[in-house]
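1. what's the 3D shape of this:
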Amino acid sequence: MTELILVRHGETEWNVAEVFRGQADIDLSETGRKQAGLLATYLSTAAIEAIYSSPLKRARQTAEAIAKPHKLEVSVESDLIDLNFGKWQGLSHEEVKEKYGDLYATWLIHPEQVRMPGGETLDDVRKRVTRFRDKVIEKHRGTIVIVGHRVVNKVMLCALLGLDNLHFWKIRQDTCGISVLNYQNERFILTRHNDTSFLKPTAGAPLKDF
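-> So this is what the prediction gives:
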């Protein structure tokens, strides 16, 4: 049996400010670094075989914190990079609503129909994460950690559970939240989702799903 621990990176200043991050390479905030440290402690006794990460710093910094107690190297995977938000990248939530009102409204109702202006679709992300899924299932039989991003992880969960991208907004994963899936009998079984219980020392008002 293969166990996947799917992790969203720790908090960044852009999460708090509700700025679309996409493939902008930004660091964890002070809170995000604390979250990553708490998660690393929480997973320190797990028998982790391998750790994979998006190439972006916020994910790599989270993955490196998890890897340290296990003395593992982080494998950087380009297929785990965040959605290319194109012209939305670097804009605030309010700026996008003002400049791209109709498209933004569609994003909130039918995200599977949206191509970001100058960027990707959820289907583009799904192709990437499906390719990655096939590789790790072929290679591993133990517990692996995958550190990615909000959009990527939501799409991956949909793909692993046989849901189409229309269900994107029905899934939430908070910063440094973990979801656990077991792969057995050629199917994925979700055994835990969006667990943030270990983050209580940094807990404040929960951020929006952004």
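2. quick one: contacts for Q173?
-> L6, R8, R150, N153, K154, L157, S179, H193, N194 (Cβ atoms under 8 Å, 6 or more residues apart in numbering). Bear in mind the C-beta positions are built from the backbone N, C-alpha and C, glycine included.
3. Excluding sequence neighbours, find me the nearest residue to the second one.
-> Counting by Cβ to Cβ, 6 or more residues apart in numbering, the nearest residue to R8 once its immediate chain neighbours are dropped is Q173, at 4.7 Å.
4. circling back to that earlier point, so which of the contacts of Q173 belong to strands?
-> Those of those mapping onto strands are L6, R8, S179, H193, N194, per DSSP state E.
5. Now do the same for L163: helix, strand or coil?
-> Of the three states, L163 takes coil under DSSP: H, G, I helix; E, B strand; the rest coil.
6. how far is stretch 127-136 from where the chain is centred?
-> The chain centre lies 14 Å from the centre of stretch 127-136; the measure is Cα atoms, centre = their mean, to the nearest Å.
7. L163 versus the most centrally placed residue in the chain, what's the distance?
-> Centroid-nearest residue in the chain: H149, 2.6 Å away (criterion: Cα atoms, centre = their mean). In this view, H149 and L163 are 18 Å apart by Cβ to Cβ, to the nearest Å.
8. Same check on E112?
-> 11 Å.
9. Please identify which of the two sits among more neighbours.
-> E112 (17 against 14; other Cβ atoms under 10 Å).
10. What's the end-to-end length of stretch 82-101?
-> End-to-end distance of stretch 82-101 (Cα to Cα, to the nearest Å): 23 Å.
11. Secondary structure class of I146, three-state.
-> Assignment for I146 (three-state DSSP): strand.
12. Please tell me the pLDDT value assigned to it.
-> What the model reports for I146 is a pLDDT of 98.
13. Repeat that for A205.
-> The model reports A205 with a pLDDT of 62.
14. and what of the one 5 residues further on?
-> Here, the pLDDT recorded for F210 equals 81.
15. could you measure it against T12, distance?
-> 11 Å.
16. So between the two, which is more surrounded?
-> T12 (21 against 14).
17. My guess is the more buried one contacts E30. True?
-> No: in this structure T12 lies outside contact range of E30 using Cβ atoms under 8 Å: 10.4 Å.
18. now the one helix or strand V136 maps to: how far from the chain's centre is it?
-> Assigned by DSSP states H and E, V136 falls within helix 122-139. Offset of helix 122-139 from its chain centre (Cα atoms, centre = their mean): 14 Å.
19. Tell me the buried residues in it?
-> Neighbour-count burial for helix 122-139, counted by 16 or more other Cβ atoms under 10 Å, picks out L122, V125, R126, R128, V129, F132, R133, V136.
20. from what I can see W88 touches M116, true?
-> Yes: between W88 and M116 there is a contact under Cβ under 8 Å: 5.8 Å.
21. overlap in contacts of these two?
-> Residues touching both W88 and M116 (Cβ under 8 Å, 6+ apart) are G22.
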